[in-house]
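> Any chance you could fold what I've pasted below:
(4 chains)
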Number of protein chains: 4
Amino acid sequence: MEGFGVHTSMWTMNWDRAGAERTIPAAAAYDMDFIEIALLNAPIVDTAHTRDLLKQHDMRAVASLGLPEENWPSRNPEGAIAHLKEAIEVAAAMGCEALSGVTYGGIGERTGQPPTMAEYDNVARALSAAAAHARDAGILFGIEPVNRYESHLINTTAQAKWMIEKVGSDNIFIHLDTYHMNIEEKGVGNGIIQAGDLLRYIHLSESDRGTPGCGTCDWDEIHATLAAIGFKGGLAMESFINMPPELASGLAVWRPVAPSFEEVMDNGLPFLRGKARQYGLI
Amino acid sequence: MEGFGVHTSMWTMNWDRAGAERTIPAAAAYDMDFIEIALLNAPIVDTAHTRDLLKQHDMRAVASLGLPEENWPSRNPEGAIAHLKEAIEVAAAMGCEALSGVTYGGIGERTGQPPTMAEYDNVARALSAAAAHARDAGILFGIEPVNRYESHLINTTAQAKWMIEKVGSDNIFIHLDTYHMNIEEKGVGNGIIQAGDLLRYIHLSESDRGTPGCGTCDWDEIHATLAAIGFKGGLAMESFINMPPELASGLAVWRPVAPSFEEVMDNGLPFLRGKARQYGLI
Amino acid sequence: MEGFGVHTSMWTMNWDRAGAERTIPAAAAYDMDFIEIALLNAPIVDTAHTRDLLKQHDMRAVASLGLPEENWPSRNPEGAIAHLKEAIEVAAAMGCEALSGVTYGGIGERTGQPPTMAEYDNVARALSAAAAHARDAGILFGIEPVNRYESHLINTTAQAKWMIEKVGSDNIFIHLDTYHMNIEEKGVGNGIIQAGDLLRYIHLSESDRGTPGCGTCDWDEIHATLAAIGFKGGLAMESFINMPPELASGLAVWRPVAPSFEEVMDNGLPFLRGKARQYGLI
Amino acid sequence: MEGFGVHTSMWTMNWDRAGAERTIPAAAAYDMDFIEIALLNAPIVDTAHTRDLLKQHDMRAVASLGLPEENWPSRNPEGAIAHLKEAIEVAAAMGCEALSGVTYGGIGERTGQPPTMAEYDNVARALSAAAAHARDAGILFGIEPVNRYESHLINTTAQAKWMIEKVGSDNIFIHLDTYHMNIEEKGVGNGIIQAGDLLRYIHLSESDRGTPGCGTCDWDEIHATLAAIGFKGGLAMESFINMPPELASGLAVWRPVAPSFEEVMDNGLPFLRGKARQYGLI
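The predicted structure is shown next:
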């Protein structure tokens, strides 16, 4: 996990053979170092097919997910463990370097109450087992704090660090996302500084999930702070310009977040790459 | 509605006699020009008591609300109209200059689907009746776009303007909130610029609802843009440091958003007032 | 003066026939709406030649200058008037829409003392005569505040407004420059807001005179404030990547301010145009 | 050199007994950790008197200077060495922890030409001798890049690092200043990141040398980047609200940079301290 990549939601949210065939060459054409595959339905993945395509295009990959309600770790840690183990195996079989994302819960998981210690205990149990399984599978395992509306469990770097200490695993990294940090952190840089060496991966996502450079994120502060902590992990552009209706609900995407796919790729992508170069990150 | 004020959530979310007695002198002690009263339970308000207290402390007021699910305009416009009319009458009886807020729906209202034209038609019908009633009562009537997670209906200035045109009333103003704009607008200034003369009221709320000046909002851009459009309306500081559990859910407040009430009032308030002075707004 | 243009220093600082022939087609190839011609040596200009080239490429133009020491208005208002009149005539003959820049003094003019009222009286006398001559010639006349090191006379919008009031002419506009405002104004937006309708032209120049988007200027605040005041004038990109040694001294350019001409034109220019579009300015 | 301090120009630029007596108790009353003494006239200093006052108020100190034209290192390295040695001795005798500032030249030193290698060789020779003398005297020795107008020699962190490597001393630190970085660096954070462990001291000075928090400096990016590199050195507020005419020229201060001393101390100082706390720097 290093270099500059892109979340595959730009091309598909359905990682079947057709999705993989559409996405991997397209990402390669934009000269991406890696792709992030949304592993929302692990059983449908043809892992050998993806692995071959990745090799063919000399492309690296990371997998990410959020858990379905029946397997939310806070309520059903055993279900979550089984779900995460399968995802880890599929990710490893595709040749992914890590499984990350909202691995501690659901996207949109909220009880309407502040989190309880019982919920956190369940989450820790699931993460502990998953991290051990990831180690055995030879991949890294990450957790991504998301904003208060998408989860009541882990919204900030400080909470992610606390959870990693609670789990006690040295195989869990922090995966940040500028969109969420823009809402949750006391200064977007603070999320990065507090994560420090635990930070291995970051979503570069604009404040409205639209074209990077056209929102309220302070991209200079973000890149400066990444450079200043000596960040060496993956920089992944994320925009929700192509969001299927069934996923849009948890993410609350009700309108097009950018004028077009082309605007994101032709304006937003060069903007982010330029900032990464300005601060010596790529 | 002009000058610098504060949302009364800093002291109470329960506008009974005790709440009013605790809040109005406290706001006066901080030299506020007005207060914003959360009118979540109109029947419990002793309007004469509030009016007297306001006069006694030479304090102006604005009322705001979000609607309960049974009276969401998108589903039950008649219920909404009755609810809004009562709130307008109570607001006017207290001596408030306006009723505003999420007057077009519930805080946390989401269907899980993009908004439909049928929903918007219902909303327009309720707003039309409410705006007419507000005119008769001699107060102003506003709508506040909120972020995608708190409503699927009106998230941006552009949508608020479109709704006002749809209603066709000249008695509806736009009420913005920096916290929501920080998530929704393509540049926080754009929300202000597009609102233009329709903007009569703004919540100055930090990106995490905590201490103003300690988050990711670009306060210079906000105040500069307000000054540049010639804004003359009310500037209302809002922080959710004191949020009762029953309200915290719709607002997704799971942790203290600031170290203390004192930090918000002693650091955040002078910061915001200083910016308003720097740009000639007060 | 409207649309998006560029200072011709990107190609030449010597407006002879060769300079004009190199520059005008090049600017047209970058789809500029206008060019700003540095009129540092009016007698060498072949005005008919420039006018023909401008027409041929459907290009509009503005002229700008700073005065040589022997004709500094603060010391030699009669010399300044003669110099400015000639420049106005040459600018008009080329078909320029305005003469602007440091028309009130020299670039690098400093006495080592705060400005005196005698100096300002002399400046006002020169500007009054020049503005009248510009009116007769059918072009506009502007003054550009510059930073404290490049002049001790007019560093801020407030000082420029005061000077315009002192002159009493209704034919003088304010020409701002983001590089100078970044040093002098209490919030870059404040320079724009205070100028208001007097603002007809702005240099979009990065904090180090290098590639726009790679410095410390707050481009969102700048463009938002321009949009919010209803700015309709010319937006002119300026970078000092190509600065001849004889001019570099007054401007204190000692090192290359950007990696290359191409970086400024291929990265900085699209960045600025994108921001202008985001805020509806072009 | 750690903690939060202030440049003594807030009270005096003349470090005689009266200046010291006015300044040290005043700085202590604002709860400063250290003061920065402008050592512009070393022979007039009563070192024992200052040392006693510092001890009495439990105040630490740093000394800084710029060299007079007759002793500019670029032209007269022997004169510079003698000047710097005397200043080092006086600084050490007062109990200062370091001598820093424009120790490599004059404030306002410019030849009108780009710097030459002969100038840099002379500068390196002077700095080498001074750094060795500082080591013998038991104090640190720093160099402060300043903007292009105040020196043509060292404007950026990159140039300061290059000079330190050229000198080959391990006793020279980099002293940055946000005012200068705001003009010179490609992102204010970049100056801090590139300095890294060499950075031991920083002037927190607003973009117009006025009230911190009221200009164009991006204080979040500055503090975030300082925190992210693990900065442990001194944070020194600097404003030129009280600037004697004889010094104002080199610094090009022609007008009051803030409304009053009180505004700087009562608004700017709490603002900067608040930011330093927000990012865990004090």
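
> mind checking the SS state of A:Tyr104?
Under DSSP: H, G, I helix; E, B strand; the rest coil, A:Tyr104 falls in the coil class.

> Find the nearest non-adjacent residue to it, please.
Among residues not flanking A:Tyr104 along the chain, A:Val123 sits closest, at 4.9 Å (CB to CB, 6 or more residues apart in numbering or on different chains). C-beta coordinates here come from the backbone N, C-alpha and C atoms, glycine included.

> okay, now that neighbour: neighbour count?
26 (other CB atoms under 10 Å in any protein chain shown).

> There's contact between it and A:Gln159 in this structure, I believe.
No. When contacts are counted by CB atoms under 8 Å, A:Val123 is not listed as touching A:Gln159 (10.7 Å).

> hey, what's in contact with both of these two?
Overlap of the contact sets of A:Val123 and A:Gln159 (by CB atoms under 8 Å, 6 or more residues apart in numbering or on different chains) consists of A:Leu153.

> helix or strand for the residue nearest to A:Tyr104, which one?
A:Val123 belongs to helix A:117-137 when assigned by DSSP states H and E.

> in that helix, what's buried?
By 16 or more other CB atoms under 10 Å in any protein chain shown, the buried positions in helix A:117-137 come out as A:119-120, A:122-135, A:137.

> Just the CA trace of that helix, in PDB.
The C-alpha trace of helix A:117-137 is given here as PDB (Å, rounded to 0.1, in the frame of the first residue of the first chain):
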ATOM      1  CA  MET A 117     -19.000  -0.800  26.300                       C
ATOM      2  CA  ALA A 118     -20.800  -4.000  25.500                       C
ATOM      3  CA  GLU A 119     -20.900  -3.000  21.900                       C
ATOM      4  CA  TYR A 120     -17.300  -2.100  21.900                       C
ATOM      5  CA  ASP A 121     -16.400  -5.400  23.600                       C
ATOM      6  CA  ASN A 122     -18.100  -7.200  20.800                       C
ATOM      7  CA  VAL A 123     -16.400  -5.100  18.200                       C
ATOM      8  CA  ALA A 124     -13.000  -5.800  19.800                       C
ATOM      9  CA  ARG A 125     -13.600  -9.500  19.800                       C
ATOM     10  CA  ALA A 126     -14.500  -9.500  16.100                       C
ATOM     11  CA  LEU A 127     -11.500  -7.300  15.100                       C
ATOM     12  CA  SER A 128      -9.100  -9.500  17.200                       C
ATOM     13  CA  ALA A 129     -10.100 -12.600  15.300                       C
ATOM     14  CA  ALA A 130     -10.200 -10.900  12.000                       C
ATOM     15  CA  ALA A 131      -6.700  -9.300  12.500                       C
ATOM     16  CA  ALA A 132      -5.300 -12.700  13.400                       C
ATOM     17  CA  HIS A 133      -6.900 -14.300  10.300                       C
ATOM     18  CA  ALA A 134      -5.500 -11.500   8.100                       C
ATOM     19  CA  ARG A 135      -2.000 -12.100   9.500                       C
ATOM     20  CA  ASP A 136      -2.300 -15.800   8.600                       C
ATOM     21  CA  ALA A 137      -3.500 -14.800   5.100                       C
END
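
> now it: how far from the chain's centre is it?
18 Å (CA atoms, centre = their mean, to the nearest Å).

> Next up, phi/psi of the residue of the stretch 51-200 of chain A found nearest chain B, please.
Closest to chain B within the stretch 51-200 of chain A is A:Tyr149: 3.5 Å, counting by CB to the nearest CB. Backbone torsions for A:Tyr149, taken as degrees, to the nearest 10, come to phi -90, psi -30.

> Over to A:Phe34?
phi -160, psi 170.

> Quick one: end-to-end distance for stretch A:191-202.
11 Å (CA to CA, to the nearest Å).

> do that stretch and chain B meet?
No. Judged by CB under 8 Å from any CB of the partner chain, stretch A:191-202 and chain B are separated, with a smallest distance of 10.0 Å.

> just checking, the residue of the stretch 51-200 of chain A closest to chain B touches A:Ala252?
Yes. A:Tyr149 lies in contact with A:Ala252 (CB under 8 Å); the separation is 6.8 Å.

> residue contacts, the residue lying closest to A:Pro212 once chain neighbours are set aside?
Counting by CB to CB, 6+ apart, A:Pro212 lies nearest to A:Gly268, which is 3.9 Å off, once chain neighbours are set aside. Shown in contact with A:Gly268 (CB under 8 Å, 6+ apart): A:206, A:210-214, A:237, A:239, A:258.
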